[in-house]
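A.B. asks: Build me a structure from this.
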Amino acid sequence: MYSRIVVPLDGSQIAEEALVQARELAKMLQVPLHLVRVADAHTLERVAGTGIGLDYVAIGALLEEEVADAKSYIADRVKELSDEGLTVSSAILTGPVSRSIVDSLQEGDLLAMTSHGRTGISRWFLGSVAEDVIRHATVPVLLTRHLGKND
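C.D. replies: Coordinates of the predicted model:
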């Protein structure tokens, strides 16, 4: 049915909510998990701007730091899941978040992710990675909606 379950994680507890479902499915279907995290330089450009120009040295340093943090975070999740007896692989991706996630998918994958559940003006301003991924994904998507109050 599925060759692996792909779970994009951003380091938040909200994103990890999809891991609960993915973990159980992986056990039942006896398929590996593939964890991905995206380091997005475009987002960093908005943070690292100084005055009128951008400080590209600062952006590069921020991206390196984000990649290092992502590697550490993903390694911890891989160890936890491997200790449960699951087969787990991982990848750190760079680029626009939605596109990077979609580009990482392969035929036979199931993508499991969490939506922050934003509505109204906050969704309009912040966008929806989940919505963009669903629109462009070429594999089935299991979307877990976060219903918590503490985003």
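
A.B. asks: Check which residues of the lengthiest helix in the chain are buried.
C.D. replies: Determined from DSSP state H, the single longest helix within the chain is helix 56-83. Of the residues in helix 56-83, those with enough neighbours to count as buried (16 or more other C-beta atoms under 10 Å) are 59, 62-63, 66, 70, 73-74, 77-78, 81. The way it works is simple: take the backbone N, C-alpha and C, and place the C-beta from them, glycine included.

A.B. asks: After it, heading C-terminal, what element do we hit next?
C.D. replies: With elements assigned by DSSP states H and E, the helix or strand that comes after helix 56-83 is strand 88-94.

A.B. asks: so that following strand versus helix 56-83, what angle?
C.D. replies: Comparing the axes of strand 88-94 and helix 56-83 via axes from the mean of the first three to the mean of the last three C-alpha atoms, to 10 degrees yields an angle of 170 degrees.

A.B. asks: elements contacting strand 88-94?
C.D. replies: Packing contacts for strand 88-94, counted by 3 or more C-beta pairs under 8 Å, 6 or more residues apart in numbering; DSSP states H and E, involve strand 33-39, helix 56-83, helix 97-104.

A.B. asks: mind putting those in TSV, distance to Ala112 and mean pLDDT included?
C.D. replies: As requested, these are exported to TSV (distance: least, C-beta to C-beta, whole Å; pLDDT from 0 to 100):
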stretch	distance to Ala112	mean pLDDT
strand 33-39	9	95
helix 56-83	13	86
helix 97-104	11	95
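
A.B. asks: got TSV for these, with distance to Val139 too?
C.D. replies: Conversion of the helices and strands packed on strand 88-94 to TSV gives the following (distance: least, C-beta to C-beta, whole Å):
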stretch	distance to Val139
strand 33-39	12
helix 56-83	20
helix 97-104	9
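
A.B. asks: quick one: which of these is nearest Ser115?
C.D. replies: Distances from Ser115 to each of these were compared using C-beta to C-beta; the minimum, 12.5 Å, belongs to helix 97-104.
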